[in-house]
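> No sequence on hand, only this structure:
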């Protein structure tokens, strides 16, 4: 499974979130490992800009907790 989305303000991309499952399964109680990348773009930059801050890390996540919990866990790693 992959979860990805741009973070936008008024149509301007200010970042991008990607989480890709590397191990685990789809049973609600399965613990999964995700490789996460959160890319922050300078205001006015684009997804393809060669600059901006990037955070890459792994997150352990119970599949049954859902996508929003995965996003929250990931963002807590960089804040």
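Received, thanks. Predicted model, so just to flag it, every value in this text is computed and none were measured.

> Strands along this protein, start to end?
2-9, 12-23, 31-40, 53-62 (DSSP state E).

> who's in contact with residue 28?
62, 63, 64 (Cβ atoms under 8 Å, 6 or more residues apart in numbering). Where you see a C-beta, it was placed from the backbone N, CA and C, and this is true even at glycine.

> Neighbour-wise, give me the winner out of those.
Counting neighbours by other Cβ atoms under 10 Å, the top entry in the contacts of residue 28 is residue 63, with 18 neighbours.

> if we can go back for a sec, among the strands of the chain, which is nearest residue 68?
The closest approach between residue 68 and any of those, judged by Cβ to Cβ, belongs to strand 2-9 at 10.0 Å.

> Return, as residue ranges, the portions of this protein with sub-threshold pLDDT.
43-51, 79 (pLDDT under 70).

> I'd like the distance from residue 56 to residue 26, if you could.
As judged by Cβ to Cβ, to the nearest Å, residue 56 and residue 26 stand 24 Å apart.

> just the contacts of residue 28 now: which is nearest residue 78?
Comparing the contacts of residue 28 against residue 78 with Cβ to Cβ places residue 62 closest, at 20.7 Å.

> is the closest one in a bridge, and if so with what?
residue 31 (DSSP bridges).

> what's near enough to touch it?
Neighbouring residues of residue 62 by Cβ under 8 Å, 6+ apart: 28, 29, 30, 31, 32, 69.

> Buried members of the residues you listed into PyMOL, please.
This is how PyMOL selects the buried members of these, with burial counted by 16 or more other Cβ atoms under 10 Å:
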select buried, resi 32
